[in-house]
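structure of the sequence below:
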Amino acid sequence: MSVRTLIKSIQDIMRQDKGIDGDAQRISQLCWMFFLKIIDDQDQELEALDSAYRSPVPAKYQWRAWAANAEGLTGEDLLAFLNNEMFPALKALTASSQPGDRRRMVRDVFEDAYNYMKSGQLIRQVVNRISGVNFNDLTERQHFGDIYEQILNDLQSAGNAGEYYTPRAVTAFMVDRIDPRPGELLLDPACGTGGFLTCAIRHMRDRHVKKTTDEWKLQNGLRAVEKKQLPHMLCVTNMLLHGIEDPGFVRHDNSLARPYISYTQSDRVDIVLTNPPFGGREEDGIESNFPAHFRTRETADLFLALIVRLLKKGGRAAVVLPDGTLFGEGVKTRLKEHLMEECNLHTIVRLPNSVFKPYASIGTNLLFFEKGEPTKDIWFYEHRVPDGQKAYSMTRPIRQEHLQGCVDWWGGKARKDRVETPQAWKLTAEEIRARGYNLDIKNPHAIADDHDDPELLLDRLHATEAEAAHLRDTLKAILAEALAR
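Next up is the predicted model:
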């Protein structure tokens with residue numbers, strides 16, 4: 001049975017259960033179950049390799065203990081076990097302060113998780129299907145990477161899903177341009193389901209991991225935070241599927257809830273890759289964590305301030321931001337001034353409104369910058385929808401090859417030999433300052449639609465109206481003649 005067929009069959013079972021209302025609950029239910037199965041398979045492999053290894057999940061609540069036997073707990077007994085024993089126990093797990101204590105990860109995943117299903121018999125049917133998957137089989141685990149694309153597709157109708165979905169072509173392009181390497185600290189402060197993390201892991205393994213110490217450096221260099229429970233659970237499980245032994249680095253928290261000034265040198269990172277939520281407002285009091293001149297309840301603005309703070313000198317970032325950040329005034333102006341003083345904002349890639357469909361039709365931009373030197377020049381590159389296509393859509397989304405033109409123009413790692421083209425242009429920092437730090441700069445090479453002289457257009461309109469009146473009079477005469485007969 002293929003991955004997609006398996007997921008569909010499980011969701012069909014769940015739809016019969018009266019306790020589940022909508023895709024978000026169905027996906028949440030599915031994910032905590034997969035999490036426990038994946039971690040149990042991983043535990044059994046680690047136990048075989050190391051007799052001293054102990055699972056972070058208490059023995060009674062391990063998948064093998066209550067779920068693996070197809071004729072095991074079911075009905076009301078299974079419901080009572082899950083609701084009254086397992087969930088309270090996993091939510092209350094006590095973790096030490098020692099690094100690598102995976103009990104913290106398990107507790108964070110279950111902190112806001114729930115068993116929504118009301119039928120123990122239907123739960124048993126779902127459990128039996130999941131038990132048929134061996135996540136220690138590398139081929140099966142790789143195939144199950146597809147599970148997240150399927151789940152993300154389902155999230156389109158789950159409400160507010162777009163807050164944590166970035167098209168994979170965009171994440172792959174940003175990671176490729178930043179080129180993370182094992183040994184560097186990489187952070188996504190609003191990681192969602194982990195799209196940037198998985199792209200970075202894949203990129204480093206394909207290009208830079210040559211020995212076991214490289215893989216160790218890769219895994220120990222990842223940092224991530226996610227505020228919402230469902231994408232946090234998806235992200236942690238995603239990391240397990242991608243061979244990350246301890247995804248405890250994915251914190252279930254709000255990066256903005258910590259005072260800005262409390263982020264010190266020890267918190268700084270080499271790389272930030274993120275698509276912070278935008279268009280929303282933070283809860284009351286969050287803005288007071290920031291200096292007065294940066295205070296706002298606009299989430300994207302607060303994240304931009306935080307990202308600049310978190311980068312080490314020489315650190316680099318790629319961030320998705322909306323058009324509103326580029327042309328906004330007030331706090332947004334002060335943020336852009338701060339960004340250009342602290343960092344070299346060397347490239348802005350402008351994306352068409354349809355890139356994030358069906359979640360939103362909003363103009364977005366990819367900002368690339370490096371901390372340590374002020375901005376001298378900013379290159380702009382306008383990405384266009386391919387010829388023969390009016391817009392990106394759910395059925396015709398942006399693909400990685402669509403961004404190859406920008407890769408070819410980029411100028412390699414040193415960004416050398418860039419030239420102006422019909423899609424690329426450059427402004428100096430002085431020109432930006434003279435514009436009041438308005439970065440919403442239209443392509444100067446774009447040919448404006450020729451609407452002709454206004455008087456000529458007016459003449460054409462009058463001629464069209466006269467012709468319409470003539471046709472109307474002719475039609476009336478024909479109808480009158482027909483009625484007279």
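
for the stretch 101-250 of the chain, which segments count as strands?
186-188, 222-226, 250-252 (DSSP state E, counting those that start in this stretch).

okay if I get the ones you listed as JSON lines plus distance to residue 28 and mean neighbour count?
Where C-beta positions appear, they are placed from N, C-alpha and C, glycine not excepted. Output for these, formatted as JSON lines (distance: least, C-beta to C-beta, whole Å; neighbours: other C-beta atoms under 10 Å):
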{"stretch": "strand 186-188", "distance to residue 28": "21", "mean neighbour count": "26"}
{"stretch": "strand 222-226", "distance to residue 28": "14", "mean neighbour count": "23"}
{"stretch": "strand 250-252", "distance to residue 28": "14", "mean neighbour count": "22"}
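
mean pLDDT for the ones you listed: which is lowest?
Out of those, strand 250-252 stands lowest, with a mean of 93 (criterion: mean pLDDT).

okay, now the sheet partners of that strand, with direction.
strand 222-226 (parallel) (DSSP bridges).

what's the pLDDT at residue 176?
Listed pLDDT for residue 176 reads 97.

which residue packs closest to it, ignoring adjacent ones?
Nearest residue to residue 176, sequence neighbours excluded (C-beta to C-beta, 6 or more residues apart in numbering): residue 203, at 6.6 Å.

distance check, the one you found against residue 273.
Residue 203 sits 10 Å away from residue 273, going by C-beta to C-beta, to the nearest Å.

same thing with residue 253?
18 Å.

quick one: the strands in the stretch 301-450 of the chain?
Under the criterion DSSP E, counting those that start in this stretch, strands of the stretch 301-450 of the chain are mapped to 311-322, 343-351, 364-371, 377-382, 424-428.

and residue 403, which of the ones you listed is closest to it?
Residue 403 lies closest, by C-beta to C-beta, to one member of the strands of the stretch 301-450 of the chain: strand 343-351, at 8.3 Å.

so which of the strands of the stretch 101-250 of the chain is nearest residue 292?
strand 222-226 (24.4 Å).

distance check, residue 173 against residue 28.
With C-beta to C-beta as the criterion, residue 173 and residue 28 are 30 Å apart.

returning to what we had before: export the strands of the stretch 101-250 of the chain to CSV and append columns for distance to residue 98.
Listed next are those as CSV, based on distance: least, C-beta to C-beta, whole Å:
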stretch, distance to residue 98
strand 186-188, 22
strand 222-226, 18
strand 250-252, 16
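
so where is this structure shaky, pLDDT-wise?
1, 138-164, 280, 357-361, 447-463, 466-467, 470, 482, 484-485 (pLDDT under 70).

what about residue 276, how many residues close to it?
25 (other C-beta atoms under 10 Å).

list the contacts for the residue nearest to it when sequence neighbours are not counted?
Spatially, and ignoring its direct neighbours in sequence, residue 276 is nearest to residue 303 (3.6 Å; C-beta to C-beta, 6+ apart). By C-beta atoms under 8 Å, 6 or more residues apart in numbering, residue 303 lies in contact with 189-190, 255-256, 274, 276, 319.

apply 7 Å and report the result again.
By C-beta atoms under 7 Å, 6 or more residues apart in numbering, the contact set of residue 303 is 189-190, 276.

ok, now residue 30?
The contact partners of residue 30, taken as C-beta under 7 Å, 6+ apart, are residue 10.

now do the helices in the stretch 251-400 of the chain.
Here the stretch 251-400 of the chain has its helices, by DSSP state H, counting those that start in this stretch, at 299-310, 323-327, 331-342.

and the closest residue to residue 295 other than its chain neighbours, how far from residue 296?
Nearest non-adjacent residue to residue 295, counting by C-beta to C-beta, 6+ apart: residue 287, 4.4 Å away. Residue 287 is 6 Å from residue 296, where distance means C-beta to C-beta.

please tell me how far residue 215 sits from residue 205.
In terms of C-beta to C-beta, residue 215 sits 8 Å off from residue 205.

swap that for residue 120, please
For residue 120, the distance to residue 205 - C-beta to C-beta - is 41 Å.

those two: who's more crowded?
Each of residue 120 and residue 205 has its neighbours counted (other C-beta under 10 Å); residue 120 has more, 18 against 15.

give the contact list for the more buried one.
Contacts of residue 120 (C-beta under 7 Å, 6+ apart): 74-79.

for the nearest residue to residue 186 once chain neighbours are set aside, give me its contacts.
Distance criterion C-beta to C-beta, 6+ apart; nearest residue to residue 186, sequence neighbours excluded, is residue 271 at 4.4 Å. Residues near residue 271 by C-beta under 7 Å, 6+ apart: 178, 180, 184, 186-187, 315-317.

looking at those, which is nearest residue 331?
Among those, and counting by C-beta to C-beta, the member closest to residue 331 is residue 317, at 19.5 Å.

quick one on the thing from earlier: could the strands of the stretch 301-450 of the chain go into CSV alongside mean neighbour count and distance to residue 231?
Output for those, formatted as CSV (neighbours: other C-beta atoms under 10 Å; distance: least, C-beta to C-beta, whole Å):
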stretch, mean neighbour count, distance to residue 231
strand 311-322, 20, 16
strand 343-351, 22, 22
strand 364-371, 22, 19
strand 377-382, 20, 30
strand 424-428, 16, 34
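
out of those, nearest to residue 14?
Closest among the strands of the stretch 301-450 of the chain, using C-beta to C-beta: strand 311-322, at 32.5 Å.

so the residue nearest to residue 176 sits against residue 173, correct?
No. Between residue 203 and residue 173 there is no contact under C-beta atoms under 7 Å: 10.9 Å.

neighbour-wise, which of these two wins?
Remark: of residue 203 and residue 173, residue 173 carries more neighbours, 23 against 18, as counted by other C-beta under 10 Å.

could you measure from the closest residue to that one other than its chain neighbours over to residue 186?
Among residues not flanking residue 173 along the chain, residue 403 sits closest, at 4.6 Å (C-beta to C-beta, 6+ apart). The gap separating residue 403 from residue 186 is 21 Å, by C-beta to C-beta.
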